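Trainee: Predicted coordinates and the sequence they were generated for:
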Amino acid sequence: MPRKFLTAQETLNFLWALDDIDDEFFAGKSPVELFELICLKLIELTVEESIKYSKQKNNHVFEISMAEMKLFLGILFYSGYHILPQEKMYWENAPDIGTLILNKAMSKNRYYEIKKYLHFDDNLQLGLSARYFKVRQTKLFNNLEYFLNL
């Protein structure tokens, strides 16, 4: 029997019950392990499509690894928690800003290069459903059940 994915509206209206969550599946896993379990395929897709997009933009030397993409996403999460007026301020050396960890993790230029080529889908596959084209691949990852039943 083929798997039935929930539509966007069904996902919004879905009410979780305790029976929907398998405690053994989550037992002993750290928050990072759970994040990787759920998002690993999405990160792989993003790496592939970002490299493909950079080549379409005539940058044939741009490469990014899974580890570097995870680091980039970590910076995005951090910047959502530690909010500053300007994005470039995350790489300032002033100790009162409290972002010295980002200088050690990734250079500002590398961050902006990854951000420039960040892509989720292939522009050459543009179809009739162009409204949500840029994120259509990520629809596969909207339903948590998809990941839990691999």
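Mentor: Received, thanks.
Trainee: what's the spacing between residue 44 and residue 70?
Mentor: Distance, residue 44 to residue 70, by CB to CB, to the nearest Å: 11 Å. From N, CA and C alone the C-beta is placed, and that goes for glycine too.
Trainee: Residue 52 now?
Mentor: Using CB to CB, one obtains 19 Å as the distance from residue 52 to residue 70.
Trainee: neighbour count winner among residue 44 and residue 70?
Mentor: Taking other CB atoms under 10 Å, residue 44 and residue 70 do not tie; residue 70 has more neighbours (17 against 12).
Trainee: if I read this right, the more buried one contacts residue 43, doesn't it?
Mentor: Yes: using CB atoms under 8 Å, residue 70 makes contact with residue 43 at a distance of 6.4 Å.
Trainee: In the chain, what helix or strand scores lowest on average pLDDT?
Mentor: Lowest mean confidence among the helices and strands of the chain (mean pLDDT, DSSP states H and E): helix 144-148, at a mean of 48.
Trainee: per-residue pLDDT, residue 4?
Mentor: With respect to pLDDT, residue 4 has a value of 62.
Trainee: In terms of secondary structure, what does the lengthiest helix in the chain contact?
Mentor: Taking DSSP state H as the criterion, the chain has its longest helix at helix 31-56. Counting contacts by 3 or more CB pairs under 8 Å, 6 or more residues apart in numbering; DSSP states H and E, helix 31-56 is packed against helix 66-81, helix 108-117, helix 144-148.
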